[in-house]
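Asks: I would like to see how this sequence folds:
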Amino acid sequence: MSIPTEPIGSSPRPTQLIEAVRDFQGGRGTREKLDELYADALRDTIQRLEATGSPVITDGEQTKPSFATYPLHGLTNLASDGVTIPFADGHVRQLPRLVSGPFRYQTHAVSYLEAAKRYTHTPLKQAVISASALSLLYPQAGIAGYSQEQFLDDLVQEAEADIRTCLEQGAAKVQIDFTEGRLSVKLDPSGGLLRQFISLNNRVLARFSPEERRRIGVHTCPGGDRDSTHSADVDYAGLLPDLFTLDAGNIYLQLASEKDRRRVLALIKKYARPNQMIFVGVIDPINPQIESPEEVRDRVLEAAEFVPLDQLGTTDDCGFAPFSDDTSTARETAFAKIQARVAGTELAAEKLGV
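Replies: Okay, the predicted model is just below:
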């Protein structure tokens, strides 16, 4: 396919798996049975993604507790009362709080990549959480004997290792999830917090060569969870000028659900750097209606009016279930939408003669 197309990351988990995880956390069921269901879900997800014709796939994040907290699973130096993230429908997600140092990842993303490789030869993309999101673990009151500066040094080292090991183990792409980017503009309209986040993420990216950064991307969206968002009301104009200063070779942008896509595309045209691939969202995971290939085609053709063809790719706005307990989107719906993205992108490429 001459216009590249890639998924963002998560797919809805099978209902049986979600129920088994809940039972296991409540002291019911066995670890062996749960691991069996994880393996079944992973295998089935990969087979379904391959059936869509997608040239690049993910593991669907079937075994991650969430896109944001997978490095923390099993750590003992955390408290549960960390930063809260409110969504437009009223529900809240909460991060843990670091209570002592040093900070280390308990789980690295390469473990998910290695598991997925057992079931496919299709190129795999691996999603990782951003250093800026995990920087929110450090409490405002500080930690005795462990300064914020020490924490950030440790965090950058861990974030680098998370990306590097995936690249070394053959990930076609590594995608940094930066959903807090748009949220930061809501929390601090001056843009100061956003620039702090970008500076921190660029500290991580600076540790990679230009060739390596061509395989690294950053994804931004207004946060999709349970058919709601945390920052869709924030003007993209407050994010995009700074977003494109990230030293990543690929930028994945939520766009399908934007009310004024042409305005956003004009901003992309103005601020995107010539060495960046721009993957525009042509599928809205929150909308239960399945896009037709023709609808996707038209969204790609619209984007091609603003983004040079040699920089243009397509993607989904967000993952379909970034938190493991999200049941708002049917599994069949997610794969049908992905198939529409692949088919619609191909129709657009034929129309554009590329």
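
Asks: against residue 311, how distant is residue 229?
Replies: Here the criterion is C-beta to C-beta, to the nearest Å. By it, residue 229 lies 27 Å from residue 311. In short, each C-beta sits where N, CA and C put it, glycine included.

Asks: those two - which one has more neighbours?
Replies: residue 229 (24 against 17; other C-beta atoms under 10 Å).

Asks: residues in contact with the more buried one?
Replies: Listed by C-beta atoms under 8 Å, 6 or more residues apart in numbering, the contact set of residue 229 reads 87-88, 221-223, 286.

Asks: show the pLDDT at it.
Replies: Predicted confidence (pLDDT) for residue 229: 81.

Asks: can you tell me the closest non-neighbouring residue to it?
Replies: residue 222 (4.2 Å; C-beta to C-beta, 6 or more residues apart in numbering).

Asks: hang on, that neighbour packs against residue 254?
Replies: Yes: because the distance of 6.4 Å satisfies C-beta atoms under 8 Å, residue 222 is recorded as touching residue 254.

Asks: restricted to strands, list the contacts of residue 229.
Replies: With DSSP state E as the criterion, strands contain none of the contacts of residue 229.

Asks: which members of the residues you listed are classed as buried?
Replies: Of the members of the contacts of residue 229, the ones counted as buried by neighbours, 16 or more other C-beta atoms under 10 Å, are 87, 221-223, 286.

Asks: and the residue positioned nearest the centre of the chain, what does it touch?
Replies: Among the residues of the chain, the smallest C-alpha distance to the mean C-alpha position (C-alpha atoms, centre = their mean) belongs to residue 177, namely 3.8 Å. Each residue near residue 177 by C-beta under 8 Å, 6+ apart is listed here: 9, 67-68, 127-130, 133, 219, 322.

Asks: which parts of the protein are helices?
Replies: Using DSSP state H, the helices of the chain run over 15-25, 31-51, 110-117, 131-134, 148-168, 180-187, 192-205, 210-213, 240-243, 261-271, 293-304, 331-352.

Asks: to residue 95, which of the ones you listed lies closest?
Replies: The closest approach between residue 95 and any of the helices of the chain, judged by C-beta to C-beta, belongs to helix 131-134 at 8.2 Å.

Asks: give me the residues contacting that closest one.
Replies: The list of residues contacting helix 131-134 from outside it, by C-beta under 8 Å, 6+ apart, reads 68, 71, 155-156, 159, 177-181, 196-198, 200-201, 203-204.

Asks: check stretch 179-194 too.
Replies: Outside stretch 179-194, the residues within contact range by C-beta under 8 Å, 6+ apart are 68, 85, 130, 132-133, 136, 197-198, 219-223, 230-231, 233-236, 238-239, 242-243, 318, 322.

Asks: and the buried ones among those, selectable in ChimeraX?
Replies: One line in ChimeraX is enough to select the buried members of those, burial here meaning 16+ other C-beta under 10 Å:
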select :68,85,130,132,133,136,197,198,219,220,221,222,223,230,231,234,236,238,239,242,243,318,322
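
Asks: the lengthiest strand in the chain to helix 331-352, inter-axis angle?
Replies: Ranked by residue count and defined by DSSP E, the top strand of the chain is strand 277-283. With axes from the mean of the first three to the mean of the last three C-alpha atoms, to 10 degrees as the criterion, the two stretches strand 277-283 and helix 331-352 enclose an angle of 130 degrees.

Asks: could I get the average pLDDT for strand 277-283?
Replies: Taken as a whole, strand 277-283 has an average pLDDT of 98.

Asks: tell me where the model's unsure across the stretch 1-150 of the chain.
Replies: 1 (pLDDT under 70).

Asks: list the contacts of residue 99.
Replies: Residue 99 makes contacts with 77-79, 143, as judged by C-beta under 8 Å, 6+ apart.

Asks: let me know the closest of those to residue 150.
Replies: Out of the contacts of residue 99, the one with the shortest distance to residue 150 is residue 143. That distance is 9.1 Å, counting by C-beta to C-beta.

Asks: for that closest one, give its distance to residue 100.
Replies: When distances are taken as C-beta to C-beta, residue 143 and residue 100 turn out to be 6 Å apart.

Asks: save the helices of the chain as JSON lines, and put in distance to residue 282 too.
Replies: Written out in JSON lines, the entries for the helices of the chain read as follows (distance: least, C-beta to C-beta, whole Å):
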{"stretch": "helix 15-25", "distance to residue 282": "28"}
{"stretch": "helix 31-51", "distance to residue 282": "17"}
{"stretch": "helix 110-117", "distance to residue 282": "24"}
{"stretch": "helix 131-134", "distance to residue 282": "25"}
{"stretch": "helix 148-168", "distance to residue 282": "26"}
{"stretch": "helix 180-187", "distance to residue 282": "19"}
{"stretch": "helix 192-205", "distance to residue 282": "25"}
{"stretch": "helix 210-213", "distance to residue 282": "25"}
{"stretch": "helix 240-243", "distance to residue 282": "18"}
{"stretch": "helix 261-271", "distance to residue 282": "10"}
{"stretch": "helix 293-304", "distance to residue 282": "4"}
{"stretch": "helix 331-352", "distance to residue 282": "6"}
